[in-house]
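In: Okay, here's the prediction I keep looking at, along with the sequence it came from:
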Amino acid sequence: QVQLVESGGGLVQAGGSLRLSCAASGRTFSSYAMGWFRQAPGKERELVAAINWSGHTTYYADSVKGRFTISRDGAKNTVYLQMNSLKPEDTAVYYCARGEGSSWDKGFGSWGQGTQVTVSS
């Protein structure tokens with residue numbers, strides 16, 4: 001059973017930056033894809049960014065391309081989401097998730113508790 005613990009959320013002004021972290025337990029972290037999802041009030045949860053097991057391949061939603069960067073550190077069992085040029089529409093609860101395989105096309109099966117990101121205009 002993997003445990004995912006997010007941190008780094010908070011309140012920031014539009015145009016600012018935040019870095020989210022997700023620490024994963026377990027020895028198999030490096031074998032799985034990881035992803036960041038977000039859910040705003042009244043909206044469905046959406047995949048924001050994903051990274052494959054090796055870190056060599058990434059995916060970004062169109063709404064965050066060029067502003068967000070996902071990365072992973074195998075030595076620390078941690079995945080990051082660097083968020084720059086934040087907009088009020090980025091306001092949401094952000095969730096870390098572990099993939100069901102080495103790439104995100106196999107879906108995600110383990111979730112963190114979420115961290116709130118609020119961007120003020």
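Out: Yep, that arrived. Residues are numbered from 1 along each chain as shown.
In: Name the residue closest to the centre of the protein, please.
Out: In the chain, the centroid-proximal residue (CA atoms, centre = their mean) is residue 36; its distance is 2.4 Å.
In: any idea which element that residue lies in?
Out: strand 34-39 (DSSP states H and E).
In: Could you export the following helix or strand past that strand as PDB, keeping only the C-alpha atoms?
Out: Proceeding N to C from strand 34-39, the next assigned helix or strand is strand 46-51, under DSSP H and E. Coordinates of the C-alpha atoms in strand 46-51 are reproduced here as PDB (Å, rounded to 0.1, in the frame of the first residue of the first chain):
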ATOM      1  CA  GLU A  46      -8.700  16.800 -14.300                       C
ATOM      2  CA  LEU A  47      -5.200  15.600 -15.000                       C
ATOM      3  CA  VAL A  48      -2.800  18.500 -15.000                       C
ATOM      4  CA  ALA A  49       0.600  16.900 -15.500                       C
ATOM      5  CA  ALA A  50       2.100  13.400 -15.500                       C
ATOM      6  CA  ILE A  51       5.500  11.900 -15.700                       C
END
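In: Quick one: name whatever helix or strand follows the helix or strand bottoming out on mean pLDDT in the chain.
Out: Sorted by mean pLDDT, DSSP states H and E, the helices and strands of the chain end with strand 108-111, the least confident at a mean of 94. Elements were assigned by DSSP H and E; along the chain past strand 108-111, the next helix or strand is strand 115-120.
In: from the middle of its chain, how far away would that next one be?
Out: In terms of CA atoms, centre = their mean, to the nearest Å, the centre of strand 115-120 is found 14 Å from the chain centre.
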